[in-house]
Structure formats: C-alpha cells, structure tokens
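Q: below: sequence and its predicted model.
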Amino acid sequence: MKVVSFQVPHIMREAFKIQLDRMPHFYEKLHQHQEIQIMWIEKSAGTMIAGDYVGRFNAGDLYIIGSFQAHVFLNDPVYFNTDSNLGASSVSLFFDEKYLGRVFWQLDEMDETRRLVEKAARGFKVLGNTRNSIISLIKKVVNQKGVDKLITFFSIIKLLSESREMEILSVMASKENFGRNEGKRMNDILQFTLRESHRKVYIDEVAKVANLTEEAFCRYFKTRTGKTYTNFLNEVRVSQACKMLIDKDLSIQDICFQSGFSNLSNFNRAFKKVTGKTPSKYLS
C-alpha cells in the first residue's frame, strides 16, 4: 500500500468541485490531493488521521483538509461487515488556485481567502455556529447552478476566513507530496498500527514493517510527523477507547486493556493528554 495521490476531476473554469459520496464505508487508504477539501460527514463514524493528527470522527463533523495533507477517514470495523447497513455518506467541496485561475486568487479582494488557504495546510475541524451555518450552505449549494452556486461557495469561504471556531488538527503543515516509496512506508506503518494497537506493540516490530532499524525508524517517524511513534500509538488507542466509552457498556478498566494499554495509570494519563478529559468525565 502507498499514500494514494488522487486526481480530483473538474471541468475547466469551474470555481470548485462538489463530490457526494454514498457508500458502505469510506475509502480506507491514506491518500492526498492537491485541492483543499471542505468535507461534511453526513453519516458515518470512525478514526480520522490527517497529517500527524489522530482522532474520532462522527456524523455532523465538518473538516478542512489541506493541500497534499495525507489523510484517511477509517470507518470502525463494523462498517466492513458484509451484513452491515450502517453506510457512510459525505459532501465535499474541492478547490485550489487552478480553479478560476491563479490571477483571480491573487486579487486584493481575495486576501482573507489566501490566508485561509495557507492555514489550511494543517487541517481544521470546524466548530460551533460556524459549522452549523456552513453545513446549511453546503446542503444548499449541491442543488444550485450558475451565479447562485458561486455566491454560496464564496459565502462558505467568507465564513471560514472570518471564523475563530476552528480547531487545528495537525501540528505540522503539509509541505510536499509523498514520494512513492515513502508513501508506501507511511501507509504500511499506519495500517499495522491500526490493526495491532489493541495489544503491546514493540518498536522492533513496526521498524521491520518500515524496513528500517529501530534507531532509524524512531528518527524517521519523529522527523516526518513531529511526534514519537509511542505518542502516535497512544493517540490511536485513545481514539478506540473513545468509541468504546460511547458504544459499549464496559468498565473503564476493561476499556483500558481492550484498547491496548497495560495499566490504568498510563491509560488515564494518555487519555487526558489527547482529549483534555479523564475517561470518567469524557461523556459528561
């Protein structure tokens, strides 16, 4: 597997591309594209990875994915069951400077939008009233044509440019496209981590997956993501623990061990570091 580089098809001179996805589950491989993506999760739940960010996503969430930011919305395992009728659906708006042309995006009137584009490299989760307003506009724009469609699109961009109700996802901004070999390595690491996070994972195991020595792997992962592999692994485990807290009638101790932590002390500490709350207060 590799980080898949998507080519988002679009018609010449269109301001943006609308994509409606209706499927049993979202695309499960780490991927990237040149366009900035505004994505409303209409229906679905799972673990999201964007750059060095790991967290839960749920129906109603709204995200901005930066240009060439490697990301994946990985549905929970139940979505992959052949008899599952849960389904996943989303609406995405894609745009960048090739839409409408570079000269247009360099106009003085587009100053705030250019700043939004620069900030989007790290990705955002849109919150509060801004989220609600933009979702309403997205529902509206999918049925529009001509000038009305364009006005609604720029209303969305204006709201995003002016709002402070946005949570930065990734510590590190996406700087460049993944090469073929590096993309495969990062996706192999990701898939291994998601598959094995429920148990004790040794550094030499994941180093072998990456085809590196332990020392080289630790250096490579820290340089590429800005965090240690242990921190990343704990974030994946906390994401799974969040799902179990919401969906399952389990004790915190059971969730601790089922999500891959070896003791409650480490679990509580990692959980609070990632979510800002203790497990017992997470649902309150």
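A: Structure received.

Q: which residue, other than its chain neighbours, is closest to residue 245?
A: Closest residue to residue 245 apart from its sequence neighbours, by Cβ to Cβ, 6 or more residues apart in numbering: residue 282 at 5.6 Å. Every C-beta, even on glycine, is put in place using the N, C-alpha and C of the backbone.

Q: how confident was the prediction at the one you found?
A: We have a pLDDT of 82 for residue 282.

Q: cool, residue 84 as well?
A: Reported pLDDT for residue 84: 85.

Q: what's the distance between the residue found closest to it once you drop the neighbours it is linked to in the chain and residue 25?
A: Spatial nearest neighbour of residue 84, excluding adjacent residues (Cβ to Cβ, 6+ apart): residue 78 at 5.8 Å. Remark: distance between residue 78 and residue 25 (Cβ to Cβ, to the nearest Å) = 9 Å.

Q: okay, these two: which has more neighbours?
A: More crowded of residue 78 and residue 25, by other Cβ atoms under 10 Å: residue 25, with 20 against 13.

Q: dihedrals phi and psi, that one?
A: Per-residue torsions, residue 25: phi -160, psi 160 (degrees, to the nearest 10).

Q: need the next SSE after the longest helix seen in the chain, C-terminal direction.
A: The helix that spans the most residues within the chain, counting by DSSP state H, is helix 229-247. Next in sequence after helix 229-247, counting helices and strands by DSSP states H and E, comes helix 252-258.

Q: how far is that following helix from where the chain is centred?
A: The chain centroid and the centroid of helix 252-258 are separated by 25 Å under Cα atoms, centre = their mean, to the nearest Å.

Q: do the same with stretch 253-268
A: Worked out by Cα atoms, centre = their mean, stretch 253-268 lies 25 Å from the chain centre.

Q: which of the residues in the strand or helix carrying residue 18 are buried?
A: Here residue 18, judged by DSSP H and E, is contained in strand 17-23. Neighbour counts over strand 17-23 (16 or more other Cβ atoms under 10 Å) mark 17, 18, 21 as buried.

Q: so the second one sits against residue 93, correct?
A: Yep, that's residue 18 we're talking about. Yes: at 6.0 Å, residue 18 counts as touching residue 93 under the criterion of Cβ atoms under 8 Å.

Q: who touches both of those two?
A: Taking Cβ atoms under 8 Å, 6 or more residues apart in numbering as the contact rule, residue 18 and residue 93 both touch residue 141.

Q: so where do the helices sit in the stretch 151-284 of the chain?
A: 180-196, 203-209, 214-225, 229-247, 252-258, 264-275 (DSSP state H, counting those that start in this stretch).

Q: one step back: distance between the helix or strand just after the strand holding residue 18 and the chain's centre?
A: Moving toward the C-terminus from strand 17-23, the next helix or strand (DSSP H and E) is strand 31-32. Put simply, strand 31-32 sits 10 Å off its chain's centre (Cα atoms, centre = their mean).

Q: return the distance of the longest helix of the chain from the chain's centre.
A: Mean C-alpha position of helix 229-247 versus that of the full chain (Cα atoms, centre = their mean) differs by 15 Å.

Q: in it, what counts as buried?
A: Under the neighbour-count criterion of 16+ other Cβ under 10 Å, helix 229-247 has 229, 231-245 buried.

Q: which of the residues you listed lies closest to residue 216?
A: For those, the minimum distance to residue 216 (Cβ to Cβ) is 12.2 Å, reached by residue 229.

Q: so that closest one touches residue 205, yeah?
A: No: judged on Cβ under 8 Å, residue 229 makes no contact with residue 205 at a distance of 10.7 Å.

Q: what about the strands in the stretch 1-150 of the chain?
A: Under the criterion DSSP state E, counting those that start in this stretch, the stretch 1-150 of the chain contains strands at 4-5, 17-23, 31-32, 36-43, 46-50, 53-57, 62-65, 71-75, 88-95, 124-126.

Q: where in the protein is pLDDT low?
A: Low-confidence segments of the chain (pLDDT under 70): 1-13, 98-102, 105, 171-183, 283-284.

Q: give me the domain ranges for it.
A: As assigned by automatic domain parsing, the chain contains the domains 4-168, 180-281.

Q: give me the buried positions along stretch 258-274.
A: Buried residues in stretch 258-274, counted by 16+ other Cβ under 10 Å: 259, 260, 261, 267, 268, 270, 271, 274.

Q: thanks again, I'm all set now.
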